[in-house]
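**Student:** Could you look at this predicted model? Sequence included:
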Amino acid sequence: MSARLHVHAPGMLTTVQDAGRFGYEEHGVPPSGPMDPVALHIANVMVGNPPGIAALEMTLQGGRYEVLDAPCTVCIGGGAGAVQLIRVDGSMRALAPWQAHKLAVGTQLSIGAIEYGVRAYLAVAGGIAVPSVLGSAATLTRAGLGGFEGRALRKNDVLSIGASEPPAWLRLCAPEALAALQPGGPIAVVLGPQDDHFTPKEIARFLAATYRVTPQSDRMGYRLAGPAIAHRNGADIVSDAIVTGSIQVPGNGQPIIALHDRQTTGGYPKIATVIAADLPRLGQCAPGQELRFEAVSLATAVQRWATLQQGLAALEQALCADPDFSIFPLFLTP
Amino acid sequence: MNNPVIPRFLPAGERALVVEFGTRIDDAINRRVLALASLLRTQHVGKNGVQAIVPTYRSLSVMYDPQRLSFEALRQLLLACIATLDENLAPATRRWRVPVCYGGAHGADLVSLAAAHDLTPEAVIALHTAPRYRIYMIGFLPGFAYLGGLDPQLHTPRRAAPRTITPAGSISIGGQQTAVASVAGPSGWHMLGRTPWRGFDLRRSPAFLFTAGDEVVFTPIDDDEFARLDAVFADPGWVPQPESLPGSEQALTETGL
């Protein structure tokens, strides 16, 4: 029998996300998927899952989840701060993130405020089992599509977990390996497709400026505040396609970065596009955080993605067994 | 191609290439977009790093895997495709006769829109049902169809105050455009009427009825017929069928989901 998870507290916005829903943009359906795909990838690998399988994405606040029916192996990745294991007798113990834990029936995971960035991921061996909608488990709340009933989790929802083999060993991810994966610095962009709607002076202004992520930011996109960018000939264009990372400049000159739950088409000029390798750390930006942009070539963008993938592969190779538990793989986390 | 127009090839990041045929809403430009979309769908999407396409009014975006296909190699592939296009044959392969209940509870803005143009509501309905529209683009929300071909007498600036929610099946006008909404959503457009058809229903196969390039003709129905059809199409086993246009049998089988 597979485990289930009982949601006692859902956090502020917790949704089921897998790698994303691809191939339906010409039908108006965006990809959705994790705002921090690197964190989802690693959390899944830690529990022996394929990297893109469905897990919970928690925003700002984690929540409390009880294991039902059968033991299960979990890993909390992303920006989680304090995580407590609450035993059946009510006693508690702190759990480390980025580490696999095998939980007994009746224990609860209590995940507090997200302290590093804004999103954390709860991966469970076997994955969160929800019906596949257009080929994906990702939730698009705006359209009521995918995930758990097309919506964010609520108190007393019960999630099914997919079947999995018992883990041979519990994995531990070295923090320094994680830190090395994504160097900081400005968010890299490729200029265009509508950079010709702006003078070189305005593009230079955009690249020199510091922008702040405003509270009007969510999975659809980040609205930025900072130096206004002027258009050559007005802010309206005939709608064309938007991609994840498109930086649109509406009439007020304040850029909007389109993210995973974005519309598929839009009618503002797009000055630049965030490269894929920088989307994961962008997805962890909190309201109030400051951002700068640097323009890179297409070749650099492709190279940085390859470097990130090599880093992920190396990290998977370097995963080590939890020294406390590795020789007793069938033991539960006490 | 009869009228060789070389489009612009623009990067949208390192995983999408935009083929920009023009910058305006224009029938000839959209024909080129849809002709290329049709060719790519049948011959290239899903192969050799070409992952997906998004045709719009005036451009077509190609999503690709830059580890398998460079921007330049994709540009060359697209140039070769464009050289073989015949946009006169391209667009409509199917025609949908979409029943619409105009005015009343289903079209709250019919009367005010008619008044704004010094027309009667009946005249607005006649003008709106006369054209054979073409779906220029699907976007905004899952299955939301933007139509080209609206009579200029009905061009109407968008509402000053958008509605936060409008029902699935809404038929509306905004600016030079008219649209069929597939799911409920916010809208700043004028609500003319509603179709009992579901443009998007996950329980049904195909989940999406409309594809960019399809033709649409509106047929007026009354409240009773709306209620009857609404009950019929609540059952996902009832799938509205398009008319097949001449010479389009192959394309028909390839556009379904």
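**Tutor:** Looks like it arrived, so ask away.

**Student:** Going by C-alpha atoms from here, please, whenever you check contacts or count neighbours.
**Tutor:** Will do.

**Student:** Run the chain-centre distance for the lengthiest strand in chain B.
**Tutor:** Across chain B, the longest stretch assigned as strand under DSSP state E is strand B:94-102. Here the centre of strand B:94-102 is set off from its chain's centre by 13 Å, with C-alpha atoms, centre = their mean, to the nearest Å.

**Student:** before we move on, what about stretch B:156-171?
**Tutor:** 17 Å.

**Student:** ditto for stretch B:202-214
**Tutor:** That offset, for stretch B:202-214, works out to 11 Å (C-alpha atoms, centre = their mean).

**Student:** and if you look at stretch A:289-307?
**Tutor:** Worked out by C-alpha atoms, centre = their mean, stretch A:289-307 lies 18 Å from the chain centre.

**Student:** pLDDT of that stretch, averaged?
**Tutor:** Averaged across stretch A:289-307, the pLDDT comes to 97.

**Student:** for the strand or helix carrying residue A:160, packing partners?
**Tutor:** For residue A:160, the host element (DSSP states H and E) is strand A:158-161. Strand A:158-161 sits against strand A:4-9, strand A:128-129, with contacts defined as 3 or more C-alpha pairs under 8 Å, 6 or more residues apart in numbering or on different chains; DSSP states H and E.

**Student:** Return the longest strand of chain B as CSV; C-alpha atoms alone will do.
**Tutor:** C-alpha atoms of strand B:94-102 as CSV (Å, rounded to 0.1, in the frame of the first residue of the first chain):
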residue,chain,number,x,y,z
ARG,B,94,-12.6,23.3,-41.5
ARG,B,95,-15.6,25.5,-40.9
TRP,B,96,-17.5,25.7,-37.7
ARG,B,97,-21.1,26.8,-37.6
VAL,B,98,-21.2,28.1,-34.1
PRO,B,99,-24.7,28.7,-32.6
VAL,B,100,-25.0,31.9,-30.6
CYS,B,101,-27.7,33.3,-28.4
TYR,B,102,-27.4,37.1,-28.8
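
**Student:** just to revisit the earlier point, turn the helices and strands packed on strand A:158-161 into TSV, including mean neighbour count.
**Tutor:** Formatted as TSV, these follow (neighbours: other C-alpha atoms under 10 Å in any protein chain shown):
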stretch	mean neighbour count
strand A:4-9	21
strand A:128-129	22
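
**Student:** Just put those strands in a markdown table and tack on distance to chain B.
**Tutor:** As requested, these are arranged in a markdown table below (distance: least, C-alpha to the nearest C-alpha, whole Å):
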| stretch | distance to chain B |
| --- | --- |
| strand A:4-9 | 26 |
| strand A:128-129 | 18 |
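
**Student:** Look up how far chain B lies from residue A:291.
**Tutor:** Relative to chain B, residue A:291 is positioned 18 Å away (C-alpha to the nearest C-alpha, to the nearest Å).

**Student:** tell me the contacts of that residue?
**Tutor:** A:186, A:187, A:210, A:211, A:212, A:213 (C-alpha atoms under 8 Å, 6 or more residues apart in numbering or on different chains).

**Student:** List the ones among the residues you listed that fall in helices.
**Tutor:** Assigned to helices by DSSP state H, none of the contacts of residue A:291 qualify.

**Student:** Can you sort out which of the residues you listed also neighbour chain B?
**Tutor:** Near chain B, judged by C-alpha under 8 Å from any C-alpha of the partner chain, there are no entries from the contacts of residue A:291.

**Student:** care to break the chain down by domain?
**Tutor:** Because you didn't say which chain, this covers chain A. Following automatic domain parsing, chain A resolves into domains at A:4-173, A:187-312.

**Student:** try chain B instead
**Tutor:** B:8-83, B:94-255.

**Student:** so who does residue A:71 touch?
**Tutor:** Residue A:71 neighbours (C-alpha under 8 Å, 6+ apart): A:3, A:102, A:103, A:104, A:105.

**Student:** and the stretch 51-200 of chain B, which residues reach chain A?
**Tutor:** B:51-61, B:66-67, B:138-144, B:183.

**Student:** hmm, who's touching the longest strand of chain B?
**Tutor:** Here strand B:94-102 has contacts from B:107, B:110, B:125, B:171, B:192-197, B:214-223, B:226, B:241-245, B:248, B:252, using C-alpha under 8 Å, 6+ apart.

**Student:** cool, and stretch B:164-172?
**Tutor:** B:100, B:106-107, B:178-187, B:189-199.

**Student:** Taking chain A, what residue is nearest to chain B?
**Tutor:** residue A:28 (4.2 Å; C-alpha to the nearest C-alpha).

**Student:** Would you mind listing the residues in contact with that residue?
**Tutor:** Residue A:28 neighbours (C-alpha under 8 Å, 6+ apart): A:263, A:264, A:265, B:138, B:139, B:140, B:141, B:142, B:143, B:144.

**Student:** Done for today, thanks.
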